[in-house]
Each structure stands twice: as structure tokens, then as C-alpha cells.
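> no sequence for this one, just the structure:
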């Protein structure tokens, strides 16, 4: 026979007494009822709780990824800057190759890494975390493309350097820098037809002008020998350097001259200062390059800025 249990409830005044008989069956029913209630609660509220927990966690992750998104946007801007810098390096490299008589790199070769097979999408599993405009897959491809372009330019420069190293004196004598530091002067007039500042008629301008304060240093753009250093008519204070191999450079409207005829100078040496002498409307340097007696556009002889910055 199964045992039964009694529960006695006694009041504080000991006058009230109640007795309850409990059998194992009652205990089993109570436990089953409790478990059933818990099961019903889990059944009705589990989906809602799971959904709430998921949304709460997702919201927390998105908040945590705001900083990540800022980093990604910063990297996207850096990638664009790298492309701009590479374009500058490419144009300078092409000038260098032309100078050392190497053929230009074919445009098809420069397009390596563009198009072709599609790489695996690396961003799909993160789309729910980042804004729609975030293209991680595109960034991945751009970085690979930049790496290929950098390797190409490195090889090109190595090839050009090896060629230039064969005749260092020859290349030191080719105009290659700006006669006025870019931070101290402003490019103000290019090579070609322009409206003359005196009579307002269109005339051919055979050099580059740099606007700068009187007294700004003017530098020789290549090694050479001073052939003229004098005050010469409309040019004012005038210097002409013979660089050999048919190249000559001219510096006009100087405030003073620091070199004499027959003196040997090297690239980067200060030879005079910007002025407003001769036929000039304001303080500036007029700079020319001649090849075998004919004026040529100086823009193809600057190696520290991209092509297109000067005319």
C-alpha cells in the first residue's frame, strides 16, 4: 500500500487545526501540472523571446560596427587617393621613359586587373551589418588592382633607372625640375597662344611664367655652362644656360643675377632671383627651353608633378 502524508496547519492561538492528506498521486499531479505550465509558457513565448533576443543582439552589433563603417569609408578615400597618386606616378614615369628613349607602356598592359574573371563575393555575408553602399567586394578588387599597378610602375622605374645609369652625365644635363619652388611661386602662364598683357592681342608665348615675390630664388633646371648673363632689352636681367646635347634654358625678368658667363652650374643651384625687369607687368620669372635653337614646351620636362598641370 502506498504511503500517504498528512499536513497539519495550526493557528497561532493553537485553537485552529486543519489536516490535509497527501498521497504520492497528489505529488505527481502537482509536479506534472507545474511542468505543464512551464512547457505552455515556453511554447507561447519562445518565438517572441528568440525574436526579441535576435533583434537586441543585431542592434548591438550594428552599434558596434559604426566605428568599423567609419574605418571602411576612410579606407575607400585612401584607395581613391592612391589611384590619384598612381596616375601622377604613371605620367611622371612616362616622361622618364621618353627621356631615356624607352617605349611607352601599352595602354592594354596598364589596364591589367580591370575586368576579367569575377572574384568571389566577399561581402554578402556582411550585408545585414553594413549600409547598402558599402562594397567590400569592390574594395577587395580595387586593392588587388592597385597592387598590380604598383608592381608595374616599380618595374617600369627600375627599367628606366637602369637605362639612365648608363649615361648619368647626359641625363643630368636635361632640364628636369621647376626653376621656382612650387611652394614659393605660382604657375601663371603656359606655352602657346595667349592674349598679350600689353596690347591684348593674341600672340605666341614661347615659355612658362611663374608669378612670385621679388627676390624668390631661381634655380638652374639642369647641369650646364652659363652662355649669357646680362641685362638684355625686353627680357630685363637675363640668363641663358647651355646644357649640351642641343638643350638651352632661358631665365628672364630677374631682379638680379648670381652667375657669370662661362661659369658651370648644376641642377638646383640658385642662379638669380625673381624680379620685374624689362618688359614686364608684375614680378615673375619667364622660363624657356630650346632644343637645337627651337622653343619647346617645358611641360614635358617636369618630373615632380603630373602632366596636365601645366600647359
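Perfect, thanks for sending it. Computed from a prediction, not measured in an experiment: that's the story for all the values here.

> use CA for all of it now, contacts and neighbours both
OK.

> where in the stretch 1-150 of the chain is pLDDT low?
Flagging of the stretch 1-150 of the chain using pLDDT under 70 yields the residue ranges 1-20, 26, 40-50, 110-135.

> Quick one: the helices in it, in order.
Counting by DSSP state H, counting those that start in this stretch, one finds helices in the stretch 1-150 of the chain at the ranges 24-64, 66-99, 107-110, 136-164.

> Could I get those helices in TSV, plus columns for distance to residue 194 and mean neighbour count?
Output for these, formatted as TSV (distance: least, CA to CA, whole Å; neighbours: other CA atoms under 10 Å):
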stretch	distance to residue 194	mean neighbour count
helix 24-64	58	12
helix 66-99	26	16
helix 107-110	33	10
helix 136-164	36	16
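
> Residue 254 is nearest to which of those?
With respect to residue 254, and counting by CA to CA, the nearest of the helices of the stretch 1-150 of the chain is helix 66-99 at 28.9 Å.

> Against which helices or strands is that closest one packed?
Helices and strands touching helix 66-99, by 3 or more CA pairs under 8 Å, 6 or more residues apart in numbering; DSSP states H and E, are helix 136-164.

> Show me what secondary structure element comes after the helix it packs on.
Counting by DSSP states H and E, the next helix or strand C-terminal to helix 136-164 is helix 168-172.

> Which residue comes closest to residue 201 once chain neighbours are left out?
Take residue 201 and drop its neighbours on the chain: the residue closest to it by CA to CA, 6 or more residues apart in numbering is residue 195, 5.2 Å away.

> ok, that neighbour touching residue 205?
No: here residue 195 lies out of contact with residue 205, judged by CA atoms under 8 Å, at a distance of 9.1 Å.

> ok, those two, which is more surrounded?
Higher neighbour count among residue 195 and residue 205: residue 205, with 18 against 12, using other CA atoms under 10 Å.

> who touches the more buried one in this structure?
190, 191, 192, 193, 194 (CA atoms under 8 Å, 6 or more residues apart in numbering).
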